[in-house]
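**Student:** Structure, please.
(chains A and B)
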Amino acid sequence: MMRSPMFGRLSGSKEILPPVKPIHITLTLLAALMINLLPLTGWVLALRPDFVALVLLYWGIHQPRMIGFLPAWLLGLAIDVADGSLLGQHALAYSVMMFAAIALHRRVSMFDMRHQILHILPILLIMQLIVLGVRGAAGAEFPRWWYFLASITGALLWPVTDLLLKGALRKRPDPDEA
Amino acid sequence: MEYAPRPFFKRGPSLIARLGFFTLLSLILLYADARFHYVEAIRKVIAVVLYPLQELADMPGQAASRVANFFVSQSYLQRENDRLSHENFLHAGQLQSQQALIAENRHLRQLMELHERAEQTSTVAEILYVGRDLFSRKVIIDKGSSQDIEEGAAVVDDTGLIGQVTRTFAWTSEVALISDREQVVPVQVVRNGLRAAVFGIGYDGALDLRFIPVNTEVENGDVLVTSGIDGVYPAGLPVAVVSSIERNAAYPFAKITCTPAAGPNRNRQVLVMSRLAPLPEYPIAPEGKKTGKARKARKGG
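**Tutor:** Modelled structure (predicted):
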């Protein structure tokens, strides 16, 4: 299907935000990595969404030209090293996720928040399925169902991510915010 | 992906090409890591970069536990002090008799011309955090290769075996717990000397004693200690206590579940034992005596 690209739109967002500085993206990604590194265990760990994935998705969708595969891939390696898992599984999963984000960025940002969540959920699930597939190929057994809870909480946290990251961009309080 | 935009500015290679490149890169890394363990160097470099971030992330938890420590009540400290000094007396007595035993043991071993057991040194380490991987049971400790921690070293706490160092980084190392799915510990039943292997099943609080025939004499409450025949774990460390036995004549083996003697959730301090001296080589090659001798001769020459 052919579709003429819309020039002049500011990444589809209704609000006009100041241009993102690379330092913003770097800092938010580092903050997400830190949250991912928190020493959690048990149910909290199972419920904890992958914040790095969420922030990567956010920047992939809203600033596809500022971010690319390389940061996603490197952060994936960092997660693999921190978790002590097979090197490259998160790198692969994040690369595919970044592809989905950049490929879908016009589409996703057209929707309102509820429907954006419905886009984010399958992307996060695919990301987890890739990790699962790699582990399966390496001989791990299928985990219990709650392995996928992280995707659901991640998708539900999408509006919060949006709010926080948009807030990080805004320089002064905007009285016209809808 | 019907909405994928065509590139309308010069943006380098297409999206698919970039995805392909990074996918290929990841797959190569995965293959190299899984099959050949070539990428440990990369892993170590990334670990060094991550170390400060990890320290920062651990700070809130450690600060909380420090604050909690500060508000420990006087009576609790008093009780603990009493208990510890009592234990200390007991241990002192045991230690004195043990020194005599060590001397006697050495003498007897010399008499019988047995190999002496290597003396082991050990390092105290603290558990930094439990691994975040839902699939495996690992903990990270705060001593690494710069403190002479070696891969394969056994890790114990005051009650028994916890696990084994599987990866060392500069200042931290990764310990696979015996409850990890991939960990197997050769053990011996203290009561009758029966040798077996304990398998981790992937969660805390339970281990499997597998491949024990149904009619073998194992009882509830039997204490399992490391047998030391693997050359990894020193002999005699408590591993687990048998907690339930199901004997079903339909299966060749009994289903025996054990409770681990030690665990990382009891206390933060652990002891990393130094590696054992390598075991003497397997004396006879499986095919026959001659080939084994020939190979040895070649190695010597």
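**Student:** switch to C-alpha atoms for all contacts and neighbour counts from now on
**Tutor:** OK.
**Student:** doesn't A:Pro159 fall inside a strand?
**Tutor:** No: assessed with DSSP: H, G, I helix; E, B strand; the rest coil, A:Pro159 is helix; it does not lie in a strand.
**Student:** Quick check: it vs chain B, distance?
**Tutor:** 23 Å (C-alpha to the nearest C-alpha, to the nearest Å).
**Student:** need the contact list for that residue.
**Tutor:** When contacts are counted by C-alpha atoms under 8 Å, 6 or more residues apart in numbering or on different chains, A:Pro159 is found next to A:113, A:117.
**Student:** any idea how far A:Pro64 is from it?
**Tutor:** According to C-alpha to C-alpha, to the nearest Å, A:Pro159 and A:Pro64 sit 19 Å apart.
**Student:** Buried residues of the helix or strand that contains B:Ser85, list them for me.
**Tutor:** If you go by DSSP states H and E, B:Ser85 is part of helix B:74-111. Residues of helix B:74-111 classed as buried: B:Arg106 (neighbour count, 16 or more other C-alpha atoms under 10 Å in any protein chain shown).
**Student:** before we move on, what about stretch A:143-153?
**Tutor:** Within stretch A:143-153, the residues that qualify as buried are A:147-148, A:150-153, counting by 16+ other C-alpha under 10 Å.
**Student:** Just these: which are in helices?
**Tutor:** Judged by DSSP state H, the subset of these located in helices is A:150-153.
**Student:** Tell me the one of those nearest chain B?
**Tutor:** Closest approach to chain B among those (C-alpha to the nearest C-alpha): A:Ala150, at 11.4 Å.
**Student:** Now do the contacts for the closest one.
**Tutor:** Per C-alpha under 8 Å, 6+ apart, neighbours of A:Ala150: A:46-50.
**Student:** Apart from its neighbours in sequence, what residue is nearest it?
**Tutor:** Closest residue to A:Ala150 apart from its sequence neighbours, by C-alpha to C-alpha, 6 or more residues apart in numbering or on different chains: A:Pro49 at 4.5 Å.
**Student:** How much space separates the one you found from B:Ile229?
**Tutor:** 43 Å.
**Student:** So between those two, which is more surrounded?
**Tutor:** Higher neighbour count among A:Pro49 and B:Ile229: A:Pro49, with 23 against 14, using other C-alpha atoms under 10 Å in any protein chain shown.
**Student:** show me what contacts the more buried one?
**Tutor:** By C-alpha under 8 Å, 6+ apart, A:Pro49 lies in contact with A:150-154.
**Student:** Next, give phi and psi for it.
**Tutor:** Dihedral pair for A:Pro49: phi -70, psi 160, per degrees, to the nearest 10.
**Student:** quick revisit: what's the distance between the helix holding B:Ser85 and the middle of its chain?
**Tutor:** 25 Å (C-alpha atoms, centre = their mean, to the nearest Å).
**Student:** Residue numbers of chain A in contact with chain B?
**Tutor:** A:1, A:3, A:5, A:34-35, A:37-41, A:45-46, A:69, A:73, A:77-78, A:81-89, A:91-92, A:95-96, A:99, A:103-104, A:107, A:138, A:140, A:143, A:147 (C-alpha under 8 Å from any C-alpha of the partner chain).
**Student:** mind listing the helices for chain B?
**Tutor:** Taking DSSP H as the criterion, chain B contains helices spanning B:15-31, B:40-70, B:74-111, B:289-300.
**Student:** possible to save the ones you listed as a markdown table with distance to B:Arg132 and mean pLDDT?
**Tutor:** Converted to a markdown table, the helices of chain B look like this (distance: least, C-alpha to C-alpha, whole Å; pLDDT from 0 to 100):
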| stretch | distance to B:Arg132 | mean pLDDT |
| --- | --- | --- |
| helix B:15-31 | 19 | 92 |
| helix B:40-70 | 12 | 86 |
| helix B:74-111 | 32 | 89 |
| helix B:289-300 | 44 | 45 |
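**Student:** Could you point out which of these sits nearest B:Ile149?
**Tutor:** For B:Ile149, the closest of these is helix B:40-70, at 14.4 Å, according to C-alpha to C-alpha.
**Student:** How about that closest one and chain A, touching?
**Tutor:** Yes: using C-alpha under 8 Å from any C-alpha, we find that helix B:40-70 touches chain A at B:43, B:46-47, B:50, B:53-54, B:56-58, B:61.
**Student:** Can you tell me which of these are buried?
**Tutor:** B:43, B:46-47, B:50, B:53-54, B:57-58.
**Student:** Show me which of these is closest to chain A.
**Tutor:** For those, the nearest to chain A is B:Ala57 (5.1 Å; C-alpha to the nearest C-alpha).
**Student:** Okay, now the unreliable bits of chain A?
**Tutor:** Chain A contains residues with pLDDT under 70 at A:1-17, A:168-178.
**Student:** From the contact counts, what lies against the longest helix anywhere in it?
**Tutor:** When chain A is parsed with DSSP H, its longest helix is helix A:113-138. Based on contacts counted as 3 or more C-alpha pairs under 8 Å, 6 or more residues apart in numbering or on different chains; DSSP states H and E, the elements that helix A:113-138 packs against are helix A:89-103, helix A:105-110, helix A:149-156, helix A:158-169.
**Student:** Figure out which of the ones you listed is closest to B:Pro280.
**Tutor:** Going by C-alpha to C-alpha, the one of the helices and strands packed on helix A:113-138 nearest B:Pro280 is helix A:89-103, 38.9 Å.
**Student:** Who are the packing partners of the closest one?
**Tutor:** With contacts defined as 3+ C-alpha pairs under 8 Å, 6+ apart, helix A:89-103 has these neighbours: helix A:51-62, helix A:69-83, helix A:113-138, helix B:15-31.
**Student:** from the ones you listed, which stretch is densest packed?
**Tutor:** Highest mean neighbour count of these: helix A:51-62, a mean of 24 (counted as mean count of other C-alpha atoms under 10 Å in any protein chain shown).
**Student:** Domain map for chain B?
**Tutor:** For chain B, automatic domain parsing gives the domain ranges B:13-71, B:117-277.
**Student:** How about the last one and chain A, touching?
**Tutor:** Yes: contact between domain B:117-277 and chain A is present through B:129-135, B:174 (criterion: C-alpha under 8 Å from any C-alpha).
**Student:** I'd like to know which of those are part of strands.
**Tutor:** B:129-130, B:174 (DSSP state E).
**Student:** what would the residues you listed look like in TSV with pLDDT?
**Tutor:** Listed next are these as TSV, based on pLDDT from 0 to 100:
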residue	pLDDT
B:Tyr129	81
B:Val130	81
B:Glu174	90
